[in-house]
Structures are given as structure tokens and as C-alpha cells.
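Student: Whatever this is, show me its structure:
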Amino acid sequence: MRLVLDTNVVLSALLWKGLPNKLIDHGSAKHTHFFSSTALLTELTDVLSRSKLARRIAASRLSVPQHVLRYINLTVLVVPQRVPRIAPDPDDDVVLGTALAAKADFIVTGDRALRSVVQFQGIRIVSVAEALEAIG
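Tutor: Numbers count the residues shown, from 1 in each chain. Next up, the predicted model:
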């Protein structure tokens, strides 16, 4: 199975225990392939660097670059394709473009606005729980 994880899911997986963390652990064991792009990794770095996460980062005992590298090691990088305005938030275009380039089966996100799109060119847009159910 081919997945593109939205930044909110990756952030949760890296810094907290719970379903997003389980998705990465479980997915890796079930021959699930994660895809990302430089643009999504840049966004992840930016979000992880925000002051409101400083305590959480410090508690993790990993630096922001170490967290990003940890995620990079789980992914295959692709160059996002250009996509028409579909999602309510223009920042989500890169998620859709990355998924299209990756020939993803699913985009996994906690963003309700992006999930409201439901499907994009055959790629389902699902919650973490739905992705875990699909993986089995």
C-alpha cells in the first residue's frame, strides 16, 4: 500500500504515541510504503521548529533535524505534480501533488477540510483510523 501522510499526521506520529505513531510502526511492518516530497519535509521542519512545540521536542531528546531525518528514512521522496485547485486550503495542493506523483492509494490526514475532498484522481483521502483499517 502506498501512503502520503499529511504533515499533521507525521507531527503526531513523531511526537506522541497514538494512532499516527501506530500507523508508521504498523505500516512499516506490513510492507506499506510512505511517500513524501521536499515541500512536505520543509513544512514538517517549519512546524517542528515552532516555539509551541519546543518543550515536546526537548522531551523527545531528539532535535528537529533528527526528527525530520527519522521520517525521511521511512519515506520515498517524489517531486509533486501540479494539481488544479481542489482542496479548500491552497497549502494542501502539495499534499495532493505528492500523492499523485507517488501513485498513492491514500492520503492520510487529520485535516477535516482536506478529508472533505474524499478522493482525488483515484486516491482516497482518509483519517489515520481508516488507513490503519485498510492496512489490516
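Student: Only C-alpha atoms from now on, for both contacts and neighbour counts.
Tutor: OK.
Student: what does the least confident helix or strand in the chain by mean pLDDT rub up against?
Tutor: Sorting the helices and strands of the chain by mean pLDDT, DSSP states H and E puts helix 19-29 at the bottom, at a mean of 86. Helix 19-29 has contacts (Cα atoms under 8 Å, 6 or more residues apart in numbering) with Val9, Val10, Ser12, Ala13, Leu14, His33, Leu74, Val128, Ala129, Ala131, Leu132, Ile135.
Student: Quick check: of these, which lies closest to Asp89?
Tutor: Val9 (16.6 Å; Cα to Cα).
Student: Just give the number of residues close to that closest one.
Tutor: Counted with other Cα atoms under 10 Å, the neighbours of Val9 add up to 21.
Student: now what about the helix or strand hosting it, what contacts it?
Tutor: According to DSSP states H and E, Val9 maps onto helix 7-15. With contacts defined as Cα under 8 Å, 6+ apart, helix 7-15 is touched by 19-24, 40, 43-44, 48, 56-57, 60, 67, 71, 108-111, 128.
Student: Narrow those residues to just the buried residues.
Tutor: 19-21, 23-24, 40, 43-44, 48, 57, 67, 71, 108-111, 128 (16 or more other Cα atoms under 10 Å).
Student: Sort out for me which of those are in helices.
Tutor: 19-21, 23-24, 40, 43-44, 48, 57, 67, 71, 128 (DSSP state H).
Student: Next, format those as a markdown table and append distance to Arg115.
Tutor: What follows is those, written out as a markdown table (distance: Cα to Cα, whole Å):
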| residue | distance to Arg115 |
| --- | --- |
| Leu19 | 17 |
| Pro20 | 16 |
| Asn21 | 20 |
| Leu23 | 17 |
| Ile24 | 19 |
| Leu40 | 17 |
| Glu43 | 19 |
| Leu44 | 19 |
| Leu48 | 23 |
| Ile57 | 28 |
| His67 | 26 |
| Tyr71 | 23 |
| Val128 | 11 |
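Student: quick one: which of those is nearest Arg82?
Tutor: Of all these, Leu40 has the smallest distance to Arg82: 14.2 Å, by Cα to Cα.
Student: correct me, but the closest one touches Asp92?
Tutor: No - using Cα atoms under 8 Å, Leu40 and Asp92 do not qualify as a contacting pair, with a distance of 9.8 Å.
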